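Undergrad: This is a predicted model, with the sequence first.
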Amino acid sequence: MGTTRRLKELNHTVQCISMQPDSPFNGLEGLKHMPTAIVPKIYDPTLADYNIDMPTEIAYDLAKSLGRTEGLLVGISSAAAVAACLQVAEKEHRAGREAVIVTILADSADKYLSERFWTER
């Protein structure tokens, strides 16, 4: 919330996009499905230009792919953030626009290495 407020103060053309799990029962550790969550007082739904609902399976698949093809052992929420960035990039590409897309990869895969999704197809 604070980062979005500041970025928009500095440049009103900056778009900030939120991402959250697509359902209340998800495997995206650390992320809240806001329609069913206890909403923190700091949360302001009007700050995001739009929201991306992220399925758990996409984040799991991308976490595996990033590790195997890019050497990035990221956690599930980081993989979800990358997946959201890829959706934004595709949308901008289809619209014929250039974009600079930034996200934060806030977790690593070390606490998820024992999860079975790494070996599932």
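TA: It's in.
Undergrad: contacting residues around the one helix or strand Cys85 maps to?
TA: Secondary structure assignment for Cys85, by DSSP states H and E: helix 76-94. Helix 76-94 is contacted from outside by 17, 19, 21, 27-31, 52, 54, 56, 58-60, 62-63, 66, 74, 98-99, 101, 103-108, 112, using CB atoms under 8 Å, 6 or more residues apart in numbering. (Each C-beta comes from the backbone N, C-alpha and C, glycine too.)
Undergrad: of those residues, buried ones?
TA: By neighbour count, with 16 or more other CB atoms under 10 Å, these hold 17, 19, 21, 27-29, 31, 52, 54, 56, 58-60, 62-63, 66, 74, 107, 112 as buried.
Undergrad: mind checking how far Ile76 is from Tyr50?
TA: 22 Å (CB to CB, to the nearest Å).
Undergrad: So Lys64 sits against Thr119, correct?
TA: No. Lys64 is not in contact with Thr119 according to CB atoms under 8 Å; the separation is 9.3 Å.
Undergrad: Looking at these two, which is more packed in?
TA: Lys64 (17 against 7; other CB atoms under 10 Å).
Undergrad: Tell me the bridge partners for Ile52.
TA: Partner residues in beta bridges with Ile52, using DSSP bridges, are Met19.
Undergrad: residues in contact with it?
TA: Taking CB under 8 Å, 6+ apart as the test, what Ile52 contacts is 17-20, 84, 87-88.
Undergrad: Would you reformat the residues you listed as CSV and include pLDDT and distance to Gly2?
TA: Formatted as CSV, those follow (pLDDT from 0 to 100; distance: CB to CB, whole Å):
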residue, pLDDT, distance to Gly2
Ile17, 95, 16
Ser18, 93, 14
Met19, 91, 17
Gln20, 90, 18
Ala84, 97, 20
Gln87, 97, 24
Val88, 97, 21
